[in-house]
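Visitor: the sequence and its predicted three-dimensional model are supplied below.
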Amino acid sequence: MVVAIGADVHKQSHTFVAVDAAGKPIGQITVKATSRGHEKAYQWARKSFIEQDRIWGLEDCRHLTGLLERDLIAHGEPVVRVTTKLMARERGIARTWGKSDPIDALAVARAVVRNPDLQPAVTNGPARQVALLLGRREIEVAERTRAVNRLRWHLHELDPEMDPAPRALGHGPAQAKVRDFLAGFGDREDIQGLVAEIASLELQDIVRCSAEIKVLDRRLKTLTAAAVPELLEIPGCASTGAAKLMAETAGIVRFSTAAKFAMFAGCAPIPAWSGKTEGRMRLNRRGNRQLNCAIHRIAVTQIRLEGPGKVYYERHREAGKGKMEALRCLKTQIARAIWKTMTEATRAGTETPQKTGNLICQALAA
């Protein structure tokens, strides 16, 4: 007999409810959200269900469950992630009214019982490292953009003709030019001198953010080249794009088919036809929009470059499809090629998988 243990997690406490194969509650415990509390929950489950196989289900809130996952996996316990949608569905069909931590934990446990194909939690690996570094890079890029906008307004107040391009301010020559310009206001004590002083502080923030972004880019390039070099062979996919694909996918083994991955990425076609409009599809507005954006950038780049992507796009345009419709078809094929490449790389382990460029050619020629 297998016992499913569902967890409702919070910052201060975790509530666990155990159920049998029929979904009947057979145990409950609440512990502090610390490693000591996690150890207490593990010992409770071990003593209470010593003769049964255990499986732990955690709602997919990784900013709250990360430490819990690591502690349970360290004990060799099987842990799966339950999406919020599945948990809410179980709560909706239950006979229990209201909301509480035990009710939510019970819903998670029953979701584990009724969905045996849930993917196991993975706490380590390059995908997690890439996600952390990429998140920090996006913060630095956003901060630099805000600083650039503020600096350009200060420069406009000092001299409207001093108008560097926003993208240029991330590089040394433009920064040096602005620095020399602001140095001319160093001895002034009027309002323009104060504006120049504040502009200099904004420039320092831009220089700092730019240096940090370069360091993060180098680290991301090293990680992606070691973990998924095949993705870098896709035309239009640089190290940042490969890092975004890794981070948002969070383990390609979660998707058993290319169609499921395409749906997760928001690239799968959605039927929108009736009668004479048979076969028409519409834009998929669901799925992971960050992942969709990364695939969209790859598709747009491939349209501009000579290669199978452009040929595939032009073939659909010649068949009478609109620009966006042909682009959506290309994104679907790219998503399928990404799934196949990452899946084969994962299965092969240290072996060299089939080249991504060949996979894309095969997919686009189909």
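Guide: Received, thanks. Numbering: from 1, shown residues only.

Visitor: burial of Val311, as a residue count?
Guide: By the criterion of other CB atoms under 10 Å, Val311 has 13 neighbours. C-betas here are computed from N, CA, C, even on glycine.

Visitor: got it, and Gly37?
Guide: 19.

Visitor: give the contact list for it.
Guide: Ser13, His14, Val31 (CB atoms under 8 Å, 6 or more residues apart in numbering).

Visitor: show me the residues you listed that map onto strands.
Guide: Those of the contacts of Gly37 mapping onto strands are Ser13, His14, Val31, per DSSP state E.

Visitor: those, buried ones only, as a PyMOL selection?
Guide: Those of these that count as buried under 16 or more other CB atoms under 10 Å are selected in PyMOL with:
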select buried, resi 14+31
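
Visitor: which member of the ones in strands among the contacts of Gly37 is positioned nearest Arg218?
Guide: His14 (38.4 Å; CB to CB).

Visitor: wait, doesn't that closest one sit right on Ala7?
Guide: Yes. Under the criterion of CB atoms under 8 Å, His14 makes contact with Ala7 at 5.6 Å.

Visitor: what residues are shared contacts of these two?
Guide: Common neighbours of His14 and Ala7 (CB under 8 Å, 6+ apart) are Leu68.

Visitor: where does the stretch 201-350 of the chain have low pLDDT?
Guide: 279, 349-350 (pLDDT under 70).

Visitor: helices along that one, start to end?
Guide: 239-249, 258-264, 289-304, 308-318, 323-348 (DSSP state H, counting those that start in this stretch).

Visitor: and stretch 232-246, which residues are buried?
Guide: For stretch 232-246, by 16+ other CB under 10 Å, it's 233-246.

Visitor: and the contacts of it?
Guide: By CB under 8 Å, 6+ apart, stretch 232-246 touches 126-127, 130-131, 133-134, 137, 217, 220-221, 223-225, 227-228, 231, 290-291, 293-295, 297-302, 305, 307, 309, 334, 337-338, 342, 355-357, 360.

Visitor: what about the strands in the chain?
Guide: Counting by DSSP E, the strands of the chain are 2-9, 13-19, 25-32, 53-59, 79-82, 270-271, 281-282.

Visitor: quick one, the fourth one and strand 13-19 angle?
Guide: The directions of strand 53-59 and strand 13-19 differ by 130 degrees, with axes from the mean of the first three to the mean of the last three CA atoms, to 10 degrees as the criterion.

Visitor: partners of strand 53-59, with directions?
Guide: The pairing partners recorded for strand 53-59 under DSSP bridges are strand 2-9 (parallel), strand 79-82 (parallel).

Visitor: and the last one, average pLDDT?
Guide: Yep, that's strand 79-82 we're talking about. Across strand 79-82, the average pLDDT comes to 90.

Visitor: residue nearest the centroid of the protein?
Guide: For the chain, the residue sitting closest to the mean C-alpha position, by CA atoms, centre = their mean, is Glu248 at 2.3 Å.

Visitor: roughly how far apart are that one and Thr30?
Guide: 33 Å (CB to CB, to the nearest Å).

Visitor: so Pro78 sits right up against Gly57, yeah?
Guide: No. Contact criterion CB under 8 Å: Pro78 and Gly57 do not qualify, at 9.8 Å.

Visitor: settle it for me: which of these two has more neighbours?
Guide: Gly57 (30 against 14).

Visitor: which residues touch that one?
Guide: 4-7, 79-82, 108-109, 111-112, 118.

Visitor: at 10 Å instead, please
Guide: 4-7, 16-17, 19, 78-82, 86-87, 105, 107-113, 115, 118, 121 (CB atoms under 10 Å, 6 or more residues apart in numbering).

Visitor: how about low-confidence regions in the stretch 51-200 of the chain?
Guide: In the stretch 51-200 of the chain, residues with pLDDT under 70: 123-124.

Visitor: count of residues packed around Glu189?
Guide: Counted with other CB under 10 Å, Glu189 comes out at 7.

Visitor: got the phi/psi numbers for it?
Guide: Backbone torsions of Glu189, given as degrees, to the nearest 10, read phi -110, psi 10.

Visitor: between Pro78 and Gly57, what contacts are shared?
Guide: With CB under 10 Å, 6+ apart, Pro78 and Gly57 have common neighbours Ala121.

Visitor: you'd agree Gly66 is up against Ala121?
Guide: Yes. The criterion here is CB atoms under 10 Å, and Gly66 meets it with Ala121 at 9.5 Å.
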